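> Could you look at this predicted model? Sequence included:
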Amino acid sequence: MSENNKLVFHDQVQQRNSGGGALIEQESQRAIAEVQSAIMLAKQFPRNQQEAYDRIMVACQRPTLAEQALYQYARGGTAITGPSIRMAEALAQNWGNLQFGIRELSQANGESTVEAFAWDVETNVRQVKVFQVPHKRHTRKETYALTDPRDIYELVANNGARRLRACILGVIPGDIVDAAVAEVESTLKAKADTSADGVKRMLKSFADYKVTKEMIEKRIQRRIDSITPAQMVGLKKIYNSLKDGMSSAADWFEVVEDKPLEEQVGLKTDKQQDTGKQAGRKPQPKKQAEKKPAEAQEEQTDHDQGKAQSQQDRSNKALTGTHKELHDCLATACNGDEAEMGALLTGAIGVKTTVEDIAGLSESDAIRALGSVEDILQDNQQQDGQDGR
């Protein structure tokens, strides 16, 4: 190799080796420029604290936000109430000149390292929390590892939301937060829906966490139809706590004997309705006409089929949204065989489950199970297509 060729080759190797460093340097310079521009804009357009305060108060007067703004959990026998992640996000959006979010720094050895941050670019006050999230799901019966990327994402997002809330509340002045909480309390008391429809919706929401009407009545020490606005507000805080994973149903309610979903949400079952109808009827004389064995067997078969169809119809009526879609997909995949449906559902969730338990699944478990069942249906359709060819 000639001297000129050696020099050209040496220059090419140096350029290739320095390529990674140049890319890192370029990204570093871009990040610095973004930070400098954010600080410059915050200084050029500083927040008007009075206007920001007014925007926060107006936001807290919206009933839809107020219903999700507060959570409550028990610690050491004391009920602790605080702003939820939804309220923290509303505070940050209306306070202005804030950057906040969650970043997954790495993912290895069955866990994710995550950073939650909130940065006031105007005052240069910053809150950062770095934490680890093991890819495991804990239930009362067992703990199992997560492998589905969607499950891991949801787990990281749920854990990150709580740290993000703490970061935001650490940046915004405490008196602003306290005033927002007081405004939300006033909104909830003024807008608390204690009507029959409002109570029914509340019971159905708690049914997702296997909290029955009797458990709620035992906690509020009165019948559900005489609930007060203040008690309705307290139950909404508990529901937000259950939904955000801050507490479990056992932290708030005494467990009572399990009952069908219709009774849990305060509805009469078909059997109770039939009993009520029969109570107002006069007894009719029974006809003693004899039936042939073949006719009796055919009638019994029709009765059993009608009873099974009635049970399936009642089950479908009790389910809505994702839970009903999950039930329908299971029925399609298993041709309506409830034993096979239960086995498939158990494999999708990782915990022994039957078809009757679908209504008690959390929204995330129902979504995860639905995705697994849809994958199985898609695989079966592809296999059928290959067999047809």
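Structure's in. What do you need? Numbers count the residues shown, from 1 in each chain.
> Can you tell me the element residue 144 falls in?
Element membership for residue 144 (DSSP states H and E) is strand 143-145.
> For the helix or strand that that strand is followed by, give the mean pLDDT please.
Using DSSP H and E, the helix or strand that follows strand 143-145 in sequence is helix 149-171. Mean pLDDT, computed over helix 149-171, is 92.
> what's helix 149-171 in contact with?
Outside helix 149-171, the residues that touch it by CB atoms under 8 Å, 6 or more residues apart in numbering are 83-85, 88-89, 91-92, 98, 100-102, 104, 107, 112, 114, 116-120, 125-129, 131, 133, 135, 137, 146, 177, 244-246, 364, 368, 371. C-beta coordinates here come from the backbone N, C-alpha and C atoms, glycine included.
> hang on, the earlier thing: residues making contact with the strand holding residue 144?
With CB under 8 Å, 6+ apart, strand 143-145 has contacts from 110, 135, 136, 137, 350.
> circling back to that earlier point, among the contacts of helix 149-171, which are in strands?
Among the contacts of helix 149-171, DSSP state E puts 83, 98, 100-102, 104, 107, 112, 114, 116-120, 125-129, 131, 133, 137 in strands.
> Among the contacts of strand 143-145, find me the one that's closest to residue 41.
Closest to residue 41 out of those is residue 135 (38.7 Å), distances taken as CB to CB.
> which residues touch that closest one?
Residues in contact with residue 135, defined by CB under 8 Å, 6+ apart, are 110, 111, 112, 145, 146, 147, 152, 155.
> Kindly report the same for residue 148.
Residue 148 makes contact with 368, 371, according to CB under 8 Å, 6+ apart.
> and residue 355, what is it in contact with?
Neighbours of residue 355 in contact, by CB under 8 Å, 6+ apart: 315, 327, 330, 338, 341, 342, 345.
> Quick one, which of the contacts of helix 149-171 are buried?
Neighbour counting by 16 or more other CB atoms under 10 Å classes 83-85, 88-89, 91-92, 98, 100, 102, 112, 114, 116-120, 127, 129, 133, 135, 137, 146, 177, 244, 246, 364, 368, 371 among the contacts of helix 149-171 as buried.
> Now tell me which helix or strand of this protein has the poorest mean pLDDT.
Within the chain, confidence by mean pLDDT, DSSP states H and E is lowest for helix 261-264 among all helices and strands, at a mean of 46.
> Could you measure from residue 342 over to residue 140?
19 Å (CB to CB, to the nearest Å).
> The two: who's more crowded?
More crowded of residue 342 and residue 140, by other CB atoms under 10 Å: residue 342, with 19 against 7.
> Which element, helix or strand, includes that one?
Here residue 342 sits within helix 338-349, counting by DSSP H and E.
> And that helix, what does it pack against?
Packing partners of helix 338-349 (3 or more CB pairs under 8 Å, 6 or more residues apart in numbering; DSSP states H and E): helix 321-334, helix 363-388.
> Tell me the buried residues in the first one?
Within helix 321-334, the residues that qualify as buried are 322, 323, 324, 325, 326, 327, 329, 330, 331, 333, 334, counting by 16+ other CB under 10 Å.
> if I read this right, the first one contacts residue 366, doesn't it?
Yes - with contact defined as CB atoms under 8 Å, residue 322 counts as touching residue 366 (4.5 Å).
> Flag the shaky bits of the stretch 201-350 of the chain, pLDDT-wise.
For the stretch 201-350 of the chain, the stretches flagged by pLDDT under 70 are 255-321, 350.
> What number of residues are in the vicinity of the residue nearest to residue 242 when sequence neighbours are not counted?
Among residues not flanking residue 242 along the chain, residue 209 sits closest, at 5.0 Å (CB to CB, 6 or more residues apart in numbering). Applying the criterion other CB under 10 Å, we find 16 residues in the vicinity of residue 209.
> how far away is residue 209 from residue 248?
8 Å.
> Next, show the common contact partners of those two.
Common neighbours of residue 209 and residue 248 (criterion: CB under 8 Å, 6+ apart): residue 242.
> which residues sit in contact with the residue nearest to residue 242?
Residue 209 neighbours (CB under 8 Å, 6+ apart): 242, 249, 360, 362.
> Identify the residues contacting the second one.
Pointing back at residue 249 there. By CB under 8 Å, 6+ apart, the neighbours of residue 249 are 209, 210, 211, 215, 242, 255.
> Show me which of the residues you listed are buried.
Here, 16+ other CB under 10 Å leaves 209, 210, 211, 215, 242 buried among the contacts of residue 249.
> closest to residue 189 among these?
Checking the buried ones among the contacts of residue 249 against residue 189 by CB to CB gives residue 242 as the nearest, at 21.3 Å.
> Now the closest one: phi and psi?
Per-residue torsions, residue 242: phi -70, psi -40 (degrees, to the nearest 10).
> So it versus residue 71, what's the distance?
Distance of residue 242 to residue 71, given as CB to CB: 9 Å.
> Over to residue 23?
44 Å.
> ok, how many other residues are close to residue 65?
17.
> Report the contact partners of it.
Residue 65 touches 59, 86, 87, 90, 184, counting by CB under 8 Å, 6+ apart.
> For these, please prepare CSV with the additional fields distance to residue 201, neighbour count and pLDDT.
As requested, those are arranged in CSV below (distance: CB to CB, whole Å; neighbours: other CB atoms under 10 Å; pLDDT from 0 to 100):
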residue, distance to residue 201, neighbour count, pLDDT
59, 23, 19, 92
86, 19, 20, 91
87, 21, 27, 93
90, 23, 23, 94
184, 20, 26, 90
